[in-house]
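**Student:** okay, here's the prediction I keep looking at, along with the sequence it came from:
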Amino acid sequence: MVEARPELMDVNSNWNVLHQLLLSYLALNPKPTHNFILSAFSDLLISLMEVTVS
């Protein structure tokens, strides 16, 4: 999803959009999958922050 929207690569300036994306995924998926979604979102944020720093 983020690769399709390169403007989301800057976590700091796009936090609201990323947060809304997370909330959408949580709303659209059953509760037993939320741990997986949160884990994937955390991995995504870490990856994006590493790209932003380097």
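**Tutor:** Sure thing, it's come through.
**Student:** list the helices and strands the one helix or strand residue 17 maps to packs on?
**Tutor:** If you go by DSSP states H and E, residue 17 is part of helix 15-28. If you count contacts as 3 or more C-beta pairs under 8 Å, 6 or more residues apart in numbering; DSSP states H and E, helix 15-28 packs onto helix 34-53. (Glycine included, C-beta is placed from N, CA and C.)
**Student:** what about the spatially closest residue to residue 34 that is not a sequence neighbour, how many residues nearby?
**Tutor:** For residue 34, ignoring the flanking residues on the chain, the nearest one in space by C-beta to C-beta, 6 or more residues apart in numbering is residue 26 at 5.8 Å. Residue 26 is flanked by 15 other residues according to other C-beta atoms under 10 Å.
**Student:** state the distance from residue 26 to residue 37.
**Tutor:** Separation of residue 26 from residue 37 (C-beta to C-beta, to the nearest Å) stands at 6 Å.
**Student:** go on, residue 14?
**Tutor:** From residue 14 over to residue 37 the distance is 18 Å, taken as C-beta to C-beta.
**Student:** residue 30 now?
**Tutor:** Taking C-beta to C-beta as the measure, residue 30 falls 10 Å from residue 37.
**Student:** more neighbours: which of these two?
**Tutor:** Between residue 30 and residue 37, counting by other C-beta under 10 Å, residue 37 is the more crowded of the two (14 against 7).
**Student:** surely the more buried one meets residue 27?
**Tutor:** No. Residue 37 lies out of contact with residue 27 (C-beta atoms under 8 Å); the separation is 10.4 Å.
**Student:** for residue 22, list the residues it contacts.
**Tutor:** Contacts of residue 22 were listed using C-beta atoms under 8 Å, 6 or more residues apart in numbering, and they are 37, 38, 41.
**Student:** ranking helices and strands of the protein by mean pLDDT, which lands last?
**Tutor:** Across the helices and strands of the chain, mean pLDDT, DSSP states H and E gives its lowest value to helix 34-53, namely a mean of 87.
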